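Peer 1: I'd like to go over a predicted model; first the sequence, then the structure.
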Amino acid sequence: MRFSRGRNFLLRVPEGKELLGFINEFARKNNVLIGTVSAIGSLKNPKIGYFDEDAGGYKVIELTGTYELVSLTGNISVKDGEPFAHIHVALGDSDGMLYGGHLIEAEVFVAEVFMQELLGELLERKPRENGLSLWDAVEL
Amino acid sequence: MRFSRGRNFLLRVPEGKELLGFINEFARKNNVLIGTVSAIGSLKNPKIGYFDEDAGGYKVIELTGTYELVSLTGNISVKDGEPFAHIHVALGDSDGMLYGGHLIEAEVFVAEVFMQELLGELLERKPRENGLSLWDAVEL
Amino acid sequence: MRFSRGRNFLLRVPEGKELLGFINEFARKNNVLIGTVSAIGSLKNPKIGYFDEDAGGYKVIELTGTYELVSLTGNISVKDGEPFAHIHVALGDSDGMLYGGHLIEAEVFVAEVFMQELLGELLERKPRENGLSLWDAVEL
C-alpha cells in the first residue's frame, strides 16, 4: 500500500498503435511492475467497458470515429506474473459530448502518456468472486 | 504553493465503504495534511454537486445504480484543523454516457486510489464570501 | 522520455483569470519546461476544441455559463522555445452532464492546480503534417 518513487516516463505513442497493448508492452519492456498512468490525446474507434455485476463481466461499448482523449487515469500492478494496466478513459466527440468507461482497446491518433513507477512490495491482482481481479483491500 | 514529496499510497478501498469518508479518514489516520488524489473503479448511487454561485451552495445531483468511476481528481489540504479532501468525479453509465461534478458521497463497489502526500507550509481552506472554502490565491 | 522529478506546485488560480494563459505564464515565470498538470474547480464560458483530422485544425465548441471542472489533465513541454501547456478538460453542467475536449480558454471561477515539474532532456513539440505540434514518438 505504501510505495517509494521510481522512474518517470513522459512520451508520445506512435500513431496507429493500439493504446492499451502499447502501455502494457511498455511496462513489460521497462519492467514497471507498479505505477500510475495518465494521458491525453485523440483515439480512433475506442472500445470501452461497463462492468455488469449481475453478469460478472464487462458490457462492451463500441464507439466509432475519432474522439478526444479527455482523460486517461489508471494504474499498473501485477496479474498472472506480468505488469497489467487497468485504465479508464473519458472521450469527447465532435460536439464535446463525453463518453467513457473501462478501456478495452483503441487506436492511437495522438497519445501523450505519463507513467510514474512506484517501488515497494508486490501489488497483485487476484481473481475475486465478483468476476474482477483485484488487489487485497486495505482496512483502516 | 511549493511542496516537496512525501509518501505515496496505492490501495483498494473495501467494497461497501463510503468513498469520500474513507479518503478523509485515511488521510487523517495517516496524517496526510497536503496531497493529491486520483482513482478509478466503480461506484454505487453517487451523489454529486454542482456549485450554484447565486445560491452560494451546491445543487445536489443524485444518481442511482452503478457507474464506472472514469476519473477521480482531487487534493487534500487542511480545513478546520483537519485533513480535508476536495474531489471531483466523472461517472459512466451502462451506455458509456458520462456524468460528473463535485463528489458528495458514493458507495464503493471498486475503488483503486492513488494518494501522494506533499510536504511544506500549511495549505489551508478558509471560508470565502462566495460560500466556498478556498486557499489563498497565488498572484503571478 | 525518462525524467527525474523537479518541483511540485499546488495552488489556487485567482478568480477571473483566463486558465490556460495563467498556466502557461506560471510555467514561464517559474521556468517549468517539462511537467504534468492536473486541476479541479469551476470555470466560466469555456471554449474547447475537437481536432478535425480532415480540416487539420480544431473545431471550436463554445460553452456558456458555469461548469464544474471535473478533470483537467495535461502536460508541459517546449514549443517555439517557450513552455507550452497542452490540456484537456471535462466539464459538468448543472444537471451533471459532461462535456469536454482540448482546452482553448476559460475564465476561472475556482481552479486548484497541481503542477509537477520533470527534469531531463528537452521535450519539444514540432509541427507535423497532420496539423498538430507533437513530440517525437517513442518506439518500443
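Peer 2: Cool, the structure landed.

Peer 1: Quick check: mean pLDDT of stretch A:104-112?
Peer 2: The average pLDDT within stretch A:104-112 is 98.

Peer 1: typed the wrong thing, it's stretch A:36-56
Peer 2: Stretch A:36-56 shows a mean pLDDT of 97.

Peer 1: give me phi/psi at residue A:45?
Peer 2: Backbone geometry at residue A:45, expressed as degrees, to the nearest 10, gives phi 50, psi 50.

Peer 1: For chain A, what lies in contact range of chain C?
Peer 2: Neighbours of chain C within chain A, by Cβ under 8 Å from any Cβ of the partner chain: A:5, A:7-15, A:22, A:25-26, A:29, A:38-40, A:42, A:66, A:68-73, A:90, A:92-98, A:109-110, A:112, A:114. Every residue, glycine included, has its C-beta placed from N, CA and C.

Peer 1: Report the beta-bridge partner residues of the nearest residue to residue A:18 once chain neighbours are set aside.
Peer 2: Spatial nearest neighbour of residue A:18, chain neighbours left out: residue A:105 (5.5 Å); criterion: Cβ to Cβ, 6 or more residues apart in numbering or on different chains. Beta-bridge partners recorded for residue A:105 (DSSP bridges): residue A:47.

Peer 1: just to revisit the earlier point, intersect the residues of chain A next to chain C with the contacts of chain B.
Peer 2: Answer for the residues of chain A next to chain C near chain B (Cβ under 8 Å from any Cβ): A:5, A:38, A:71, A:73, A:90, A:98.

Peer 1: give me the element the first one is part of.
Peer 2: Remark: residue A:5 resides in strand A:2-13, with elements defined by DSSP states H and E.

Peer 1: tell me the angle the helix or strand following that strand makes with strand A:2-13.
Peer 2: Per DSSP H and E, strand A:2-13 leads on to helix A:19-30 as the next helix or strand towards the C-terminus. When axes from the mean of the first three to the mean of the last three Cα atoms, to 10 degrees is applied, the directions of helix A:19-30 and strand A:2-13 differ by 120 degrees.

Peer 1: packing partners for helix A:19-30?
Peer 2: strand A:2-13, strand A:35-52, strand A:82-92, strand A:98-119 (3 or more Cβ pairs under 8 Å, 6 or more residues apart in numbering or on different chains; DSSP states H and E).

Peer 1: can I get the ones you listed in CSV with mean neighbour count and distance to residue A:131?
Peer 2: What follows is those, written out as CSV (neighbours: other Cβ atoms under 10 Å in any protein chain shown; distance: least, Cβ to Cβ, whole Å):
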stretch, mean neighbour count, distance to residue A:131
strand A:2-13, 19, 27
strand A:35-52, 22, 8
strand A:82-92, 24, 14
strand A:98-119, 23, 13
